[in-house]
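Enquirer: need a structure here:
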Amino acid sequence: MILIIFAILILGMFLSLIRLLRGPTLPDRVVALDLLSVLSVGFIAVHAVHSNQAIYLDVALVLALIAFLSTIAFAFHIEKGKLLWKKS
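Expert: Numbers count the residues shown, from 1 in each chain. Sure thing, here's the model as predicted:
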């Protein structure tokens, strides 16, 4: 069961990476980067359960906090920064 979960997470990371590279706009890329970080947290959490090592949960928590703050920073930049496209 753990291998199936790892495979699904890796597939999600791959699809998110494709959207990150091909995203037509900056908000699409920010959302893809946020999804990639959420999937990474999930991957680390599943690895922590699989290896029975609780220290990995601390790593996942720190990554989740950093990813949240970076998403907020990107959103602030998109909202207040000089943009290359017209806002609707």
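Enquirer: Next up, the contacts around the residue most central in space within the chain.
Expert: For the chain, the residue nearest the mean C-alpha position is residue 37 (2.0 Å; CA atoms, centre = their mean). Counting by CB atoms under 8 Å, 6 or more residues apart in numbering, residue 37 touches 63, 64, 67, 70, 71. Just so you know, the C-beta spots here come from the backbone N, C-alpha and C atoms, and that holds for glycine as well.
Enquirer: Turn those into a markdown table, columns for neighbour count, pLDDT and secondary structure.
Expert: As requested, the contacts of residue 37 are exported to a markdown table (neighbours: other CB atoms under 10 Å; pLDDT from 0 to 100; DSSP: H, G, I helix; E, B strand; the rest coil):
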| residue | neighbour count | pLDDT | secondary structure |
| --- | --- | --- | --- |
| 63 | 17 | 96 | helix |
| 64 | 17 | 96 | helix |
| 67 | 18 | 95 | helix |
| 70 | 14 | 92 | helix |
| 71 | 16 | 92 | helix |
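Enquirer: which one of those is nearest residue 48?
Expert: Proximity of those to residue 48 (CB to CB) peaks at residue 63, which lies at 12.0 Å.
Enquirer: who's in contact with that closest one?
Expert: 37, 40, 41, 44.
Enquirer: Just send the residues you listed back as CSV, with secondary structure and pLDDT too.
Expert: Below are those laid out as CSV (DSSP: H, G, I helix; E, B strand; the rest coil; pLDDT from 0 to 100):
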residue, secondary structure, pLDDT
37, helix, 96
40, helix, 97
41, helix, 97
44, helix, 97
